[in-house]
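>>> What would the 3D arrangement of this be:
(chains A and B)
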2 protein chains.
Amino acid sequence: MSQQAYEALSPETLAARIGAIEAIRNRIGDPAAWTVREVGDGNLNLVFIVDGPDGSVVVKQALPYVRLVGDSWPLPLKRAFFEYNALIRQAERDPGSVPEVFHFDEEQAIVVMEFLAPHVILRKVLIEGGRVEGLAEMLGRFCARTLFRGSDLAMPTARRKADAAMFLGNVELCDITENLVFSDPYFEAEMNHHTPALDPVVKLLREDIDLKIASQHMKAAFATNAETMLHGDLHSGSVMVTETETKVIDPEFATYGPMGFDVGMLIANFLHAYLSQPGHAETPGARDAYQEWILGVVADLWAAFEDEFSRLWRSERTGILYQASLFEDQGHARGAEQARLERLAAIWRDTLGFCGIEMHRRILSLAHNADFEKIEDEATRARLEARALMMGRTLAVARGEITSMAQVLDLARATNKEDYL
Amino acid sequence: MSQQAYEALSPETLAARIGAIEAIRNRIGDPAAWTVREVGDGNLNLVFIVDGPDGSVVVKQALPYVRLVGDSWPLPLKRAFFEYNALIRQAERDPGSVPEVFHFDEEQAIVVMEFLAPHVILRKVLIEGGRVEGLAEMLGRFCARTLFRGSDLAMPTARRKADAAMFLGNVELCDITENLVFSDPYFEAEMNHHTPALDPVVKLLREDIDLKIASQHMKAAFATNAETMLHGDLHSGSVMVTETETKVIDPEFATYGPMGFDVGMLIANFLHAYLSQPGHAETPGARDAYQEWILGVVADLWAAFEDEFSRLWRSERTGILYQASLFEDQGHARGAEQARLERLAAIWRDTLGFCGIEMHRRILSLAHNADFEKIEDEATRARLEARALMMGRTLAVARGEITSMAQVLDLARATNKEDYL
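Okay, the predicted model is just below:
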């Protein structure tokens, strides 16, 4: 199959085109008996579920354009290459955290991987008020393991540099992040849209010089601080869950960047879930306890990240940075601990900055969050979105002054009672 | 010539091997009349001056090992590729600042370039107490232009990312910097050596946890903050001067890194020149005025950097960061100015940090500075080196608290009177 030029799959052609691949055939059985459903509901790609007599797989294929927008917005197929490379690295760094990859075809931009069932997208669960056991712990650990182990804290630096060089090729997807996340929210960019009633708050933000500077400092950090391999798009739509299991999917935006990016984006999406709850409450107040559960997830997620990062710092710090030869080997373990606290403080500041910006772009830029979009009453939606925008502003601008997660949660609770319109 | 395998040049073989190349022949005339001198006095490479009937060129060839150490320390030939690529970028970003390249042969690791005459190495001039008109201004401008124009502030980001990926291949030379500059000074590394009388101060530094953490924060910034293409080895031995002209040479350590690295290394080497002067004074006090001239160079260098960086910020900010669409185009030029000050403050902090570390490694690690090495009286040398070590400590650790160049110069003047042994 890799001999022929790229061609998009369809449910009709899929079995004929990939049925001969042993790794798939051995797993799900005779292609003659396959049924194929197209399920792609993401923004970019084709996704199929293939059910065979012995099991199921997911087949994901990049399109040469953005699926959400159409062929007026071309996007290179090589993003499948980056997704594949990110998936196998994540599997190595945090075993069991991502779908297992069974087959990759670079020419056809196809990744065939484990079908997660009965998992559903976390964002949907959060909108419906569902809970997931171990969610915070898994996500915090995933971030710590993938971010630590992909950095100069742990990896041989020649390999880290080669990986960083490779992922620098993911230019077009970085370009999406650089524009849509960090700049578009703060001026009237072409693809922007927002709930009209938000206009006064949007005007306020776009006149806020400190906020715009913060967005650009964070953009500079994203674009140039190549600390580690990021997932690059780690929001609640990139997480699949059951009541007791959590998996991370869709790392096609993978790039080398600062550790706080993934963690900050995750927390932003939980804060959107939190602040949007009143729009989904069956009766007023019906989601109050659930909102507190979400804040608990945020707190536990950061705590799990910090714990696992600290454990790895003490046990796997084998890279070129903060070497044991300078600290532990000289009887200065205390120095290594101080350095750990200082690194965590830097990650914390970045996390808050990225979190604040992400809270803006998901309301003002092209790709919005269903957490708010699914609120049909426009006045309610605007009222809740305004809260998220104002909270994002504080986090982004005051990222250097907020010193604990308790402060962030208190800010969320206070914001949840404000009316900015 | 590029057909054959790599072979080191010699004065005897040089004309036969590169005489046929038109770009050289046209410039200096018939190879039959060439005279060839080997002059390499650097640490790594072969360097020849070739005089022909119509002019002269420099021929620089990488060796597959470190010249200073011998073939027990292999070093890849590809460093000539990075030097060539850095030279042509520097020439484009600050025309006239570096020797013109006439020919590059990747296979043979040869760069043929302009012979600078009557230029001499700046370090030699500083040891002898000589002055150079326009030195500070040229170097400050060189840093501003090469660093700004190679960054996401100015370059199309796809090109910047491709360049960053390419220079990530310069792994072995980065490895030298990462070890020799940032870590070796702070423990008993194999290749270290220092003036024995320094022992008590060295002990003090190696027990200084805050200093060691600072060195590692700066190392992390060097290794991962891929802001711009650095020269990578910008000390007074990489600068050639006449009484009125300044040129920068030898960028084989080029890599993408933080802007403060080049500026900080330069300033460190000027501070070494300053603090070592009493060891070269013909009579006590004879170099006092000259010392003040050097501090003037440091002050003017930073001022020139800041001026030119600011000019470029206002006139060439065409990259993805701090875009005009967010500031000037919205009537918020004031925001762009505030952002400029914040970026300069970050570069300033980095500059001080890198400066402090460089002041250590040139006394404690493998490659020392002639400024101190040429002081024959060991007690004098140790006394002056101790000052440089102590000043470096303050700059590295207090880099976030020192807010003006005047404070740095005052610290230098005070240090110049201290006795730490």
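>>> Contacts (any at all) between chain B and the longest helix along chain A?
Longest helix in chain A, counting residues (DSSP state H): helix A:333-364. Yes - Helix A:333-364 lies within reach of chain B by C-beta under 8 Å from any C-beta of the partner chain, at A:334-335, A:338-339, A:342. No exception for glycine: its C-beta is placed from N, CA and C like everyone else's.
>>> Outline the domain layout of chain A.
Domain ranges of chain A: A:14-114, A:120-415, per automatic domain parsing.
>>> Just say which of these is most tucked in.
Neighbour counts averaged per stretch over the domains of chain A are highest for domain A:120-415, at a mean of 21; criterion: mean count of other C-beta atoms under 10 Å in any protein chain shown.
>>> State the mean pLDDT of it.
Average pLDDT, domain A:120-415: 98.
>>> Distance from that domain to the middle of the chain?
8 Å (C-alpha atoms, centre = their mean, to the nearest Å).
>>> now the end-to-end length of that domain.
One end of domain A:120-415 to the other measures 29 Å (C-alpha to C-alpha, to the nearest Å).
>>> cool, stretch A:224-238 as well?
Termini of stretch A:224-238 sit 24 Å apart (C-alpha to C-alpha).
>>> Just the strands from the stretch 201-350 of chain A, written as ranges.
Here the stretch 201-350 of chain A has its strands, by DSSP state E, counting those that start in this stretch, at A:228-230, A:239-241, A:246-248, A:255-257.
>>> Distance to chain B added to the ones you listed, as CSV?
Shown next, in CSV, are these (distance: least, C-beta to the nearest C-beta, whole Å):
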stretch, distance to chain B
strand A:228-230, 8
strand A:239-241, 27
strand A:246-248, 23
strand A:255-257, 8
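>>> any idea which of the residues of helix A:333-364 next to chain B is closest to chain B?
residue A:335 (3.8 Å; C-beta to the nearest C-beta).
>>> Name the nearest residue to the closest one, sequence neighbours excluded.
residue B:209 (3.8 Å; C-beta to C-beta, 6 or more residues apart in numbering or on different chains).
>>> got the contact list for residue A:207?
Counting by C-beta atoms under 8 Å, 6 or more residues apart in numbering or on different chains, residue A:207 touches B:330, B:332.
>>> so how far is residue B:332 from it?
8 Å (C-beta to C-beta, to the nearest Å).
>>> so residue A:165 sits in a strand?
No - according to DSSP: H, G, I helix; E, B strand; the rest coil, residue A:165 belongs to no strand; its state is helix.
>>> Isn't it up against residue B:168?
Yes - using C-beta atoms under 8 Å, residue A:165 is in contact with residue B:168, at 4.0 Å.
>>> Which neighbours do those two have in common?
By C-beta under 8 Å, 6+ apart, no residue touches both residue A:165 and residue B:168.
>>> elements contacting the longest helix of chain A?
Contacts defined by 3 or more C-beta pairs under 8 Å, 6 or more residues apart in numbering or on different chains; DSSP states H and E place helix A:333-364 against helix A:199-206, helix A:209-224, helix A:260-276, helix A:288-315, helix A:378-397, helix B:209-224.
>>> How about the residues of the stretch 151-300 of chain A by chain B?
Contact residues, the stretch 151-300 of chain A versus chain B (C-beta under 8 Å from any C-beta): A:151-152, A:157-158, A:161-162, A:164-166, A:168-169, A:171, A:174-175, A:178-179, A:183, A:186-187, A:189, A:206-207, A:209-210, A:212-213, A:215-217, A:219-220, A:223-227.
>>> still on that earlier bit, distance to residue B:280 added to the strands of the stretch 201-350 of chain A, as JSON lines?
As requested, the strands of the stretch 201-350 of chain A are exported to JSON lines (distance: least, C-beta to C-beta, whole Å):
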{"stretch": "strand A:228-230", "distance to residue B:280": "47"}
{"stretch": "strand A:239-241", "distance to residue B:280": "65"}
{"stretch": "strand A:246-248", "distance to residue B:280": "62"}
{"stretch": "strand A:255-257", "distance to residue B:280": "46"}
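>>> quick one: which of those is nearest residue A:95?
The minimum distance between residue A:95 and those falls on strand A:246-248, with 11.9 Å, by C-beta to C-beta.
>>> strand partners of that closest one, parallel vs antiparallel please.
Partner strands for strand A:246-248, per DSSP bridges, with pairing direction: strand A:239-241 (antiparallel).
>>> which one is residue A:141 nearest to, not counting chain neighbours?
Closest to residue A:141 by C-beta to C-beta, 6+ apart is residue A:308, at 4.8 Å.
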